[in-house]
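Enquirer: following is a predicted model, sequence given first.
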Amino acid sequence: MIGQSSNQRGFTLIELMVVIIIAAILLTIAVPSFSSLIKRNNVDSLQSKLSSALATARTEAASRNRIITICASNAGQTACDDNWSNGWIVFEDNDGDGVIDAATGTTPAEALIDVYRNTGGYTVASNTDFISFNSQGFMTGAADNRLLVICEPDRAAEYARGLFVNRSGLVMKTRDTNNDGKHNDPTSTDAATNLSCAAP
Ligand SMILES: [Ca+2]
Ligand SMILES: [Ca+2]
């Protein structure tokens, strides 16, 4: 049975190396696209969460007939702070000052409506620390157009996602309007300007 041993043999060293090399090539292709998919999912998800928190603030302002504020919170979501990357809180802002106030004297504490804690290295930056809506759904106070920008941990511009809030209180998700693979900045006068994730 001369042929039997060759039929039963396993991989030669060269065959094994070829298999390993092919597997390595496939991994180098698959890993970056998988990591890109995860980043895209995470920025989209954070954008949606912030968008629905803004929608909650606006609809609660109408239904409760008072000013509702969403603000960047501290790390414990117990007070407003200047860092949206911590997360945010939505509350009845009875005096419209953009701060959630504790009870004083006979004035009760401003009621908390919703909180979100942000973890995982995905950041949110904005040109404002808080956004307030009145019972008509409009932004109150010095209501310039507002932009919130969500970035992935490595701050690559192609993953930047924005939420634009105009003076009428409308919340819009940013889009890539010139098809260069990066979302455009709706606050820029130059239509070709993309959102930036450059470190502040
Ligand atoms: Ca207040
Ligand atoms: Ca673009």
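Expert: Here it is on my side, so go on. Ligands and ions are numbered 1, 2, ... in the order given.
Enquirer: CA only for contacts and neighbour counts going forward, please
Expert: OK.
Enquirer: would you map the strands across the chain?
Expert: 68-72, 87-92, 112-117, 123-126, 130-133, 146-151, 161-165, 171-173 (DSSP state E).
Enquirer: tell me the angle the third one makes with strand 87-92.
Expert: This means strand 112-117. If you take axes from the mean of the first three to the mean of the last three CA atoms, to 10 degrees, strand 112-117 sits at 180 degrees to strand 87-92.
Enquirer: strand 112-117 - what's its average pLDDT?
Expert: When pLDDT is averaged over strand 112-117, the result is 97.
Enquirer: helices or strands up against that strand?
Expert: Identification of packing neighbours for strand 112-117 by 3 or more CA pairs under 8 Å, 6 or more residues apart in numbering; DSSP states H and E yields strand 87-92.
Enquirer: helices and strands around the longest helix seen in the chain, which ones?
Expert: Longest helix in the chain, counting residues (DSSP state H): helix 13-64. Judged by 3+ CA pairs under 8 Å, 6+ apart, helix 13-64 is in contact with strand 68-72, strand 87-92, strand 130-133, strand 146-151, strand 161-165, strand 171-173.
Enquirer: who wins for proximity to ligand 2 among the ones you listed?
Expert: Ligand 2 lies closest to strand 161-165 among the helices and strands packed on helix 13-64, at 11.1 Å (CA to the ion).
Enquirer: residues contacting the closest one, please?
Expert: With contacts defined as CA atoms under 8 Å, 6 or more residues apart in numbering, strand 161-165 is touched by 43-44, 47, 51, 145-151, 170-174, 183, 185-186, 195.
Enquirer: now do the contacts for residue 71.
Expert: 80-81, 84, 88-90, 98-99, 129-131.
Enquirer: buried stuff in stretch 58-71?
Expert: Of the residues in stretch 58-71, those buried by neighbour count under the rule 16 or more other CA atoms under 10 Å are 58-62, 66-71.
Enquirer: alpha carbons only: can I get it in CSV?
Expert: Presented in CSV, the C-alpha positions along stretch 58-71 are these (Å, rounded to 0.1, in the frame of the first residue of the first chain):
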residue,chain,number,x,y,z
ARG,A,58,-39.5,70.3,23.2
THR,A,59,-42.6,68.2,23.5
GLU,A,60,-42.6,68.4,27.3
ALA,A,61,-42.3,72.2,27.1
ALA,A,62,-45.6,72.2,25.1
SER,A,63,-47.4,69.6,27.2
ARG,A,64,-46.3,71.1,30.6
ASN,A,65,-46.7,74.6,29.3
ARG,A,66,-43.4,75.8,30.7
ILE,A,67,-39.7,76.2,29.8
ILE,A,68,-37.9,72.9,29.5
THR,A,69,-34.1,72.9,29.3
ILE,A,70,-31.7,70.2,28.2
CYS,A,71,-28.2,70.9,29.5
